[in-house]
Structure formats: C-alpha cells, structure tokens
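Enquirer: predicted model and sequence follow; I will ask about them next.
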Amino acid sequence: MAAAGVPARPSRRHHARSFAVRRLTRLGHPRLRSLTRRLDGSPVLGAIATPALRWLERGELRVASGLGWGLRMSMAGLSLDHAHLGGFAHGGLESSVQEAMLRHLPPGGVLFDVGANVGFFALLGARMAGPQGRVFAFEPVGASADAIRRNAELNGFANLEVIEAAVGAVAGRGRLQVVDDRSWSKLVEYGGHPGVERVVEVDVVSVDELVAAERLPAPDVVKIDVEGAELPVLAGMARTAAEHAPAIICELHGTQREFAALMASWGYRTINLEGTQPVEEAGASAHALALPPDSMGD
C-alpha cells in the first residue's frame with residue numbers, strides 16, 4: 001500500500017476509466033447534464049448506454065494534474081453530470097483556492113472545510129497538512145458525507161474526519177434543501193433552487209462552540225463554500241477568529257460587501273482571489289482570502 005498522500009500506481013482499468021471521464025468532461029457540464037437527462041428519459045438510449053455508464057460509475061477516478069495530482073476519488077459518490085466532475089478529473093477546480101490553501105495551511109496544520117461536497121479540497125488539505133495535521137470536513141448532505149469518507153479511505157488519510165452537519169451562527173437544527181446536483185444543496189433560509197428533490201432536517205453546528213468546548217482543535221485555515229450562508233458561518237466563528245486568527249478562504253454569493261466589512265471589523269484584510277479589483281466590487285460569485293493583521297503575504 002502506498003503511504004498516505006502518495007499516489008499508488010493505477011491499474012490499467014482505473015487509468016482507462018479516468019481517461020474516459022476526462023474526455024467526456026470536455027463536453028462541458030451543460031452538455032453532460034443534457035445528455036444524462038436524455039438517457040434517463042429514453043428507455044432505448046438508456047438500455048444502449050447502461051453498460052458503459054455502469055462501468056464509468058464503478059471504481060475510482062484519479063486526479064490528472066495540479067496540486068491534487070494522483071488523488072483518488074470514488075465514482076460511487078459522483079455522476080457524469082456532477083457540476084465539478086471536470087474540475088476533479090483534471091485537477092483544476094478553483095485553482096486560486098488551491099493555491100491559497102497551499103500558502104496558508106502548514107504541515108501539521110488544521111483545516112476546517114465548511115461545505116465540503118464530496119471532499120476534493122478536504123483531500124487536498126489532508127495531503128498538505130500531512131499525517132500530523134487534521135482536516136475536518138463539514139457536510140450536511142448524507143450521500144456527500146459518505147463520499148468523503150470513502151475518498152479519505154481510498155487515499156489512506158486517517159487525518160481527515162467528516163462532521164455530518166451544516167454550519168451556522170449557533171448550534172441547533174436546520175432544514176436542508178437537497179438538490180439534484182448535491183453541490184448546490186443549502187439550508188432553506190438562504191434561497192430556493194429549481195433542482196430541489198427533497199427537504200430534510202439536519203444538525204447545525206457553530207465553529208465557536210466546537211472550538212470553545214475543545215471538541216475540535218482551533219483551525220489554521222477555514223475554507224467556506226455554503227451557497228449563500230457564509231455570513232452566518234462567519235458569525236458563528238467570531239470568537240475563534242479573535243483568539244486563533246485563522247486564514248479564511250470563502251466563496252461569496254452576493255455577500256461581497258458584507259464579507260469585506262465584517263473582515264475589516266475583525267482587523268482582517270481581504271484579497272480577491274480572482275482579480276485585481278477589491279472584493280466589494282467582485283462579480284456575483286467570487287472567492288476571497290481574508291488574513292489576520294499579523295499575516296504576511298497573500
């Protein structure tokens with residue numbers, strides 16, 4: 001068995017599957033989504049395609065390049081119309097976020113991945129932090145949480161733990177919209193989605209309560225991608241930020257001005273990871289890095 005984080009040599013079968021998935025993702029997410037819907041809606045086409053689809057959706061995918069090169073991801077937790085399949089397969093998903101993690105997550109460090117989806121960034125963090133580090137992947141969608149656990153096991157990452165809960169301002173319970181593409185699932189109070197399949201009750205935790213109770217160690221980096229719920233997540237980690245000063249990497253969904261103002265009130269400085277304009281002036285969806293006062297670089 002290869003050491004944790006060191007890619008094992010893939011079998012020919014796994015190599016062929018990864019190559020086929022990478023070629024398919026060149027069609028782009030909209031075309032793949034349309035294709036899978038056509039197959040689902042046509043018994044004849046579905047019957048023809050079923051053997052190939054079953055082969056593709058078994059086994060594992062190997063990340064082809066970049067900082068995640070060689071990471072193993074179970075196809076059981078993915079689908080051909082997953083919004084981020086191309087980014088996983090080629091390794092280029094949100095490259096600016098990957099680089100920010102590399103700069104600010106030290107060996108032996110602690111990462112909180114809030115809204116971890118199927119675990120690409122959690123796996124990346126587990127590799128960067130190394131065996132002495134810790135990664136906590138917060139993910140309320142049960143199927144996605146299971147996928148993270150499978151992926152951690154595939155890569156031998158004993159330093160990665162899944163917390164199957166949403167994150168908010170205070171601990172409690174919440175109602176989660178589970179979307180057909182689970183990447184877009186979110187709590188009901190943060191807006192609807194046309195692809196909602198069902199609404200389920202989930203646990204909600206707050207970073208401050210977990211850290212203050214010493215249930216989790218304080219993070220060095222907090223990465224947040226919660227489809228518009230980023231401000232409550234931040235409200236629930238104000239004490240942690242004041243006492244432990246983690247770097248914060250956050251995807252923003254129309255919350256750019258509020259995020260920048262909150263970070264300024266904490267004494268943090270913000271950096272737009274996608275351009276030269278201030279975070280406040282970034283587009284409708286943007287990625288920002290926020291650093292505490294004594295942090296050097298970006």
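Expert: Looks like it came in fine.
Enquirer: quick one: contacts for the residue most central in space within the chain?
Expert: When the chain is reduced to its mean C-alpha position, the nearest residue by CA atoms, centre = their mean turns out to be residue 116, at 3.5 Å. Residues in contact with residue 116 (CB atoms under 8 Å, 6 or more residues apart in numbering) are 122, 137-139, 144, 148, 162. Every C-beta, even on glycine, is put in place using the N, C-alpha and C of the backbone.
Enquirer: please report how far it lies from residue 85.
Expert: Applying CB to CB, to the nearest Å, the value for residue 116 to residue 85 is 16 Å.
Enquirer: any stretches of the stretch 51-200 of the chain with poor pLDDT?
Expert: Confidence mapping of the stretch 51-200 of the chain against pLDDT under 70 gives the ranges 51-57, 180-184, 191-196.
Enquirer: now the strands: where do they sit in it?
Expert: 60-62, 72-74, 110-114, 134-138, 160-163, 166-167, 172-179, 186-187, 196-205 (DSSP state E, counting those that start in this stretch).
Enquirer: now mean neighbour count too, for those strands, in JSON lines please.
Expert: Putting the strands of the stretch 51-200 of the chain into JSON lines (neighbours: other CB atoms under 10 Å) gives the following:
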{"stretch": "strand 60-62", "mean neighbour count": "22"}
{"stretch": "strand 72-74", "mean neighbour count": "23"}
{"stretch": "strand 110-114", "mean neighbour count": "29"}
{"stretch": "strand 134-138", "mean neighbour count": "26"}
{"stretch": "strand 160-163", "mean neighbour count": "22"}
{"stretch": "strand 166-167", "mean neighbour count": "28"}
{"stretch": "strand 172-179", "mean neighbour count": "18"}
{"stretch": "strand 186-187", "mean neighbour count": "23"}
{"stretch": "strand 196-205", "mean neighbour count": "15"}
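Enquirer: export those strands as a markdown table, with columns for distance to residue 262.
Expert: Written out in a markdown table, the entries for the strands of the stretch 51-200 of the chain read as follows (distance: least, CB to CB, whole Å):
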| stretch | distance to residue 262 |
| --- | --- |
| strand 60-62 | 37 |
| strand 72-74 | 34 |
| strand 110-114 | 16 |
| strand 134-138 | 20 |
| strand 160-163 | 24 |
| strand 166-167 | 16 |
| strand 172-179 | 21 |
| strand 186-187 | 19 |
| strand 196-205 | 20 |
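Enquirer: which parts of the stretch 51-200 of the chain are helices?
Expert: If DSSP state H, counting those that start in this stretch is used as the criterion, the helices of the stretch 51-200 of the chain fall at 85-90, 95-104, 120-129, 142-155.
Enquirer: return the most buried member of those helices.
Expert: For the helices of the stretch 51-200 of the chain, the largest average neighbour count (mean count of other CB atoms under 10 Å) is found in helix 120-129, namely a mean of 26.
Enquirer: report all helices and strands that that one contacts.
Expert: helix 95-104, strand 110-114, strand 134-138, helix 142-155, strand 160-163, strand 221-224 (3 or more CB pairs under 8 Å, 6 or more residues apart in numbering; DSSP states H and E).
Enquirer: quick one: that helix to strand 110-114, angle?
Expert: Orientation note: helix 120-129 sits at an angle of 180 degrees relative to strand 110-114 (axes from the mean of the first three to the mean of the last three CA atoms, to 10 degrees).
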